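Give the three-dimensional model of this entry:
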Amino acid sequence: MAWKIESPTRVPAVGNKPKQIDEYFGRVNSRSEALSIARMQSPAGWVEPGQTPEFDEYTVVLRGRLRVETKGETLEIAAGQAVFAPRGEWVRYSTPHPDGAEYIAICRPAFSPGLAHRDAENVNGETAD
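Numbers count the residues shown, from 1 in each chain. Model prediction:
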């Protein structure tokens, strides 16, 4: 049976600046562990700690530009482009450009902070508590 999502749930974000995450499907809004779909709005200069997640992440940039760092390269993903980050590989997302970014992130299985395995250092290079 089909069912309608009336609205997303705003979930907490990590990073050096406030970022909006509106989850449509996932562990919080639809109680689904199989998949999560969220709209992200990141300000200029936002950066989050690196992570080695237990989920595949598919990201489509709608507006602005998203920087995606891996152990081997740094990718600049512009509006209309997409990127795939496979589970088990280190990745860090940021929006250093003046316009920030708006994008859709799809994680399989669904995102969970416990599955992200964030780096022990925070975004300022200091050891996290």
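
What ranges in the protein fall below the confidence cut-off?
Where the chain drops to pLDDT under 70, the residues are 121-129.

ok, the most centrally placed residue in it - contacts?
For the chain, the residue sitting closest to the mean C-alpha position, by CA atoms, centre = their mean, is residue 105 at 5.9 Å. If a contact means CB atoms under 8 Å, 6 or more residues apart in numbering, then residue 105 has 36-38, 40, 57-59, 111 as its contacts. Bear in mind the C-beta positions are built from the backbone N, C-alpha and C, glycine included.

swap in residue 114?
Residue 114 touches nothing, counting by CB under 8 Å, 6+ apart.

Can you say which helix or strand has it in it?
helix 113-116 (DSSP states H and E).

picking up where we left off before, looking at the contacts of residue 105, spot the one nearest residue 50.
residue 57 (13.2 Å; CB to CB).

surely the closest one meets residue 110?
No - counting by CB atoms under 8 Å, residue 57 does not reach residue 110; the two are 11.0 Å apart.

if we can go back for a sec, can you give the distance of the helix holding residue 114 from its chain's centre?
Chain-centre distance of helix 113-116: 12 Å, with CA atoms, centre = their mean, to the nearest Å.

Tell me the buried residues in that helix?
Buried positions in helix 113-116, judged by neighbour count with 16 or more other CB atoms under 10 Å: 115-116.

Which secondary structure elements does the helix or strand hosting residue 77 sit against?
Taking DSSP H and E as the criterion, residue 77 maps to strand 74-78. Applying 3 or more CB pairs under 8 Å, 6 or more residues apart in numbering; DSSP states H and E, we find strand 74-78 packed against strand 56-70.
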